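Visitor: Structure for this input, please:
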Amino acid sequence: MNALGAGLLPVLIQLARGTSTGILLLDSEGRIAWENPAMRELLGLRGGAVSPAMGLKIVELPSVRAAGVVSVFTRLMEGHGFANVLVDFTSMVGRTSSYLMEGGALVGTDGAVSGAWVPCTDLAVGAPDSGRLLAMQRMEVVGLAVTGVVHD
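Guide: Coordinates of the predicted model:
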């Protein structure tokens, strides 16, 4: 795992383990460095299995390319966050879902991007708008919590 920050990483992992929102941590090169249990469930992995995408660059995944969000992740790794991006996505194990995604860069004291966090909420295709709004509100709360920890 590339420089996600020795002091910050354990805090982020503790926060991510305790949420029902799927969360990916990316290293400084945009490789998937960690996924929380909720993310494994969203991806359709069974028994705590690790994603076959672990260690791969997120922008090189065929499903990310097919979803048309390569530029979103490229900008994320340049230090630009994103919020409320709705993506239809098929995991490497074949599970298709709609995800509401956001992302934030982890920037070191030297100004360099040392990684990123990407929370994902699974939205069933055709979910009622009220369900999507609630999911967006949850994502905002998770994003604010993680951003506060990053700034501290």
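Visitor: would you list every one of the helices in this structure?
Guide: 8-17, 37-42, 62-67, 70-76, 129-151 (DSSP state H).
Visitor: if I look at the residue most central in space within the chain, how far off is residue 104?
Guide: Central residue of the chain (Cα atoms, centre = their mean): residue 118, 2.0 Å from the mean position. Using Cβ to Cβ, to the nearest Å, we find residue 118 at a distance of 8 Å from residue 104. Any C-beta I mention is one placed from the backbone N, CA and C, and that applies to glycine too.
Visitor: Equivalent analysis for residue 39, please.
Guide: For residue 39, the distance to residue 104 - Cβ to Cβ - is 16 Å.
Visitor: Any figure for the gap between the residue nearest to the centre of the chain and residue 13?
Guide: As for residue 118, its distance to residue 13 is 14 Å (criterion: Cβ to Cβ).
Visitor: Please apply the same query to residue 117.
Guide: Taking Cβ to Cβ, one finds residue 117 at 10 Å from residue 13.
Visitor: Residues in contact with both of those two, list them for me.
Guide: Listed as contacting both residue 117 and residue 13 by Cβ atoms under 8 Å, 6 or more residues apart in numbering are residue 25.
Visitor: So between those two, which is more surrounded?
Guide: Set residue 117 next to residue 13 and count neighbours by other Cβ atoms under 10 Å: residue 117 wins out with 26 against 15.
Visitor: Is it correct that the more buried one is in contact with residue 23?
Guide: Yes - using Cβ atoms under 8 Å, residue 117 makes contact with residue 23 at a distance of 6.3 Å.
Visitor: shared neighbours, the two?
Guide: residue 16.
Visitor: So between residue 39 and residue 104, which is more surrounded?
Guide: Using other Cβ under 10 Å as the criterion, residue 39 and residue 104 rank with residue 39 on top: 24 against 20.
Visitor: Just grab the bridge partners of the nearest residue to the more buried one once chain neighbours are set aside for me.
Guide: Excluding its sequence neighbours, the residue lying closest to residue 39 (Cβ to Cβ, 6 or more residues apart in numbering) is residue 22, at 3.4 Å. According to DSSP bridges, the residues that bridge with residue 22 are residue 120.
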